[in-house]
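**Student:** sequence and predicted model, in that order:
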Amino acid sequence: MTVRLLTNIGRLWTGHDVCSNAAILVHNDRIAWVGRAADLPQSVPGVVDDIVDVDHVENLGGALVTPGLIDAHTHPVYAGNRYAEMAMRSGGSSSSAIAAAGGGIGSTVTVTRGTDPWTLCNGVRERLREWLLGGTTTVEAKTGYHLTRDGELADVRLLRELEKEPMMPRVHVTFMAAHVVPPEYFGRQRDYVEAVASWCADAAGAGADSVDVYCDDGHFTAEEARWVLASGRNVGLLPRIHAGAYNRRGAVQLAAEMGCASADLLHHASDEDVAMMARYGVPAVVCPGAALQVGHLPPVRRMLAQGVPIALGSDHNPGHCGITSMSLVISLAVAAFGMSVGDALRAATLGGAQVLGAPDRGILAPGRLADIVQWDADHEGAFAWSFGLKPRRVWRGGVPVQ
Ligand SMILES: N=CN[C@@H](CCC(=O)O)C(=O)O
């Protein structure tokens, strides 16, 4: 049993409220007590008889402390890079010109399929570690660059296994074989959709938490998405959908109809889409890095005004966006989406926890996981200023990771 007292917290942003001169008492992997240091009790039943007997006392030097950040949308299981494609796109090349030059998602699928599992694993491990060291203690991670039954299931298992290693964030695993149609199914899209629907049970068995479908031009129709998501839901996976990234193809309506756990990206969401999300309580996952790359921003202020629950994601993927820092995502959400720092921080903590169905995190309160970050600042406004605020220390389940 380990009891740890974090003291001299200058500003504590709990997710519920803000508190000055605070302290947090951690018992094993959970928060036992949190509040103003002056109110710290002398004894906490079941935790410590006398506060002077605490095993570890850590003075946080008046710093800002928040819950561990949560990245609600990433694609980290891939090999290779597409830097040349990024350079082409930045110079104005179209998707078809990029595809003709051998780029696009298909090129990552080819490289990933041709990469041995050991090398792939090392790359994914390295990426996940970056998230944790940057203060992100939970990462939603999608498969989707093997697009074969065995490859996708191996990706699910890889993520589940990596999560158990030291220095890794918690991982919410999303099975996303419905990313694009792989070459061996060209001209037989329906057969691929049928296959993916039939793989959902195995993905759940391998440890996936969610199922996601890319519903857009050049990907899958709403009808096809319904088939895969319903199959996933039947075996206990939370349904998610890539909606309106490039075009509106009925994905938001489908998310409302199916009660999806999230509708993601939403760069082209209309007023009608936002109203529907508000009416049916469909949470949005918005990703400023990717939106800026695509050149179309989702209507986040309208979502906030209408009460749509919002989470933030990096949308880390090899084709558009290499961000692994959720503090940078918060800065971008403030600058590009017009979110207040408080709303952006909430979306990167509690909002993420809600979208991932993880009520044990995203907030600093008794009984919650002791996923905690001490920042190199004394006020949360620093997130808006810094474009990549650095943590000084990160605790995952009460254990310091640096
Ligand atoms: N968000 C996910 N998919 C990206 C593409 C991923 C890639 O290019 O590898 C998208 O927006 O199109």
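**Tutor:** Done, it's in.
**Student:** what residues does the helix or strand containing Glu152 touch?
**Tutor:** Applying DSSP states H and E as the criterion places Glu152 in helix 149-162. Helix 149-162 is contacted from outside by 77, 112-113, 117, 120-121, 124-125, 128, 141, 143-146, 168, 171, 173, 175-177, 195, 199, 202-203, 206-208, using C-beta atoms under 8 Å, 6 or more residues apart in numbering. C-beta here means a position set from N, CA and C on the backbone, and glycine is covered the same way.
**Student:** strands - which of the residues you listed land there?
**Tutor:** Among those, the members found in strands (DSSP state E) are Ala141, Val171, Val173, Phe175, Met176, Ala177.
**Student:** determine which two of those residues are furthest apart.
**Tutor:** Val171 and Ala177 (17.7 Å; C-beta to C-beta).
**Student:** who has more neighbours out of these two?
**Tutor:** Ala177 (30 against 24; other C-beta atoms under 10 Å).
**Student:** now what about the lowest-mean-pLDDT helix or strand in the chain, what contacts it?
**Tutor:** Each helix and strand of the chain was given a mean pLDDT (mean pLDDT, DSSP states H and E); the minimum falls on helix 95-100 at a mean of 87. For helix 95-100, the external contacting residues (C-beta under 8 Å, 6+ apart) are Glu85, Met88, Arg89, Gly104, Gly106, Gly218.
**Student:** how does it look with 7 Å?
**Tutor:** Applying C-beta atoms under 7 Å, 6 or more residues apart in numbering, the contact partners of helix 95-100 are Glu85, Met88, Arg89, Gly104.
**Student:** where's the closest residue to Ala101 other than its chain neighbours relative to Cys287, distance?
**Tutor:** Distance criterion C-beta to C-beta, 6 or more residues apart in numbering; nearest residue to Ala101, sequence neighbours excluded, is Met88 at 6.7 Å. Using C-beta to C-beta, to the nearest Å, one obtains 22 Å as the distance from Met88 to Cys287.
**Student:** which one of these two has more residues nearby?
**Tutor:** Neighbours were tallied for Met88 and for Cys287 using other C-beta under 10 Å; the higher tally belongs to Cys287 (32 against 16).
**Student:** tell me how many other residues crowd the nearest residue to that one once chain neighbours are set aside.
**Tutor:** With C-beta to C-beta, 6+ apart as the measure, Asp315 is the residue that lies nearest to Cys287, at 3.6 Å, once sequence neighbours are left out. Around Asp315 sit 29 other residues, with neighbours defined as other C-beta under 10 Å.
**Student:** quick one: buried residues of the least confident helix or strand of the chain?
**Tutor:** By neighbour count with 16 or more other C-beta atoms under 10 Å, helix 95-100 contains the buried residues Ile98, Ala99.
**Student:** does that helix reach the ligand?
**Tutor:** No - residues of helix 95-100 are not located near the ligand by C-beta under 6 Å from any ligand atom, the shortest gap being 9.2 Å.
**Student:** chain center to that helix, what's the gap?
**Tutor:** 29 Å (C-alpha atoms, centre = their mean, to the nearest Å).
**Student:** which residue does the chain bring closest to the ligand?
**Tutor:** Closest contact between the chain and the ligand, by C-beta to the nearest ligand atom, is at Gly319 (2.2 Å).
**Student:** and that residue, what does it touch?
**Tutor:** Arg82, Glu85, Ile105, Thr108.
**Student:** what does Arg82 give?
**Tutor:** Gly103, Ser107, Thr108, Pro318, Gly319.
**Student:** pull up the residues of the stretch 151-300 of the chain that are close to the ligand.
**Tutor:** His242, Ala245, Ala290.
**Student:** again, 8 Å this time
**Tutor:** Neighbours of the ligand within the stretch 151-300 of the chain, by C-beta under 8 Å from any ligand atom: His179, Tyr214, Asp216, His242, Ala245, Tyr246, Asp264, Leu265, Cys287, Ala290, Val294.
**Student:** one step back: filter the contacts of helix 149-162 down to the buried ones, ChimeraX style.
**Tutor:** Filtering the contacts of helix 149-162 down to the buried ones (16+ other C-beta under 10 Å) takes a single ChimeraX command:
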select :77,112,120,121,124,125,128,141,143,144,145,146,168,171,173,175,176,177,195,199,202,203,206,207,208
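**Student:** mind listing which of the contacts of helix 149-162 are in helices?
**Tutor:** Judged by DSSP state H, the contacts of helix 149-162 include 112-113, 117, 120-121, 124-125, 128, 195, 199, 202-203, 206 as members of helices.
**Student:** and which of the residues you listed is nearest Asn59?
**Tutor:** Closest to Asn59 out of the ones in helices among the contacts of helix 149-162 is Leu128 (29.7 Å), distances taken as C-beta to C-beta.
**Student:** now the closest one: closest residue in space that isn't a chain neighbour?
**Tutor:** Leaving aside its chain neighbours, Leu128 sits nearest to Met168 (5.4 Å; criterion: C-beta to C-beta, 6+ apart).
**Student:** would you list the phi and psi of that neighbour?
**Tutor:** phi -120, psi 140 (degrees, to the nearest 10).
**Student:** and it, what does it touch?
**Tutor:** By C-beta under 7 Å, 6+ apart, the neighbours of Met168 are Leu128, Arg129, Leu132, Leu162.
**Student:** give me the neighbour count for the second one.
**Tutor:** When neighbours are defined as other C-beta under 10 Å, Arg129 has 18 of them.
**Student:** for it, which non-adjacent residue is spatially closest?
**Tutor:** Closest to Arg129 by C-beta to C-beta, 6+ apart is Met167, at 5.6 Å.
**Student:** residue contacts, that neighbour?
**Tutor:** Met167 is in contact with Arg129, Leu132, Val401, counting by C-beta under 7 Å, 6+ apart.
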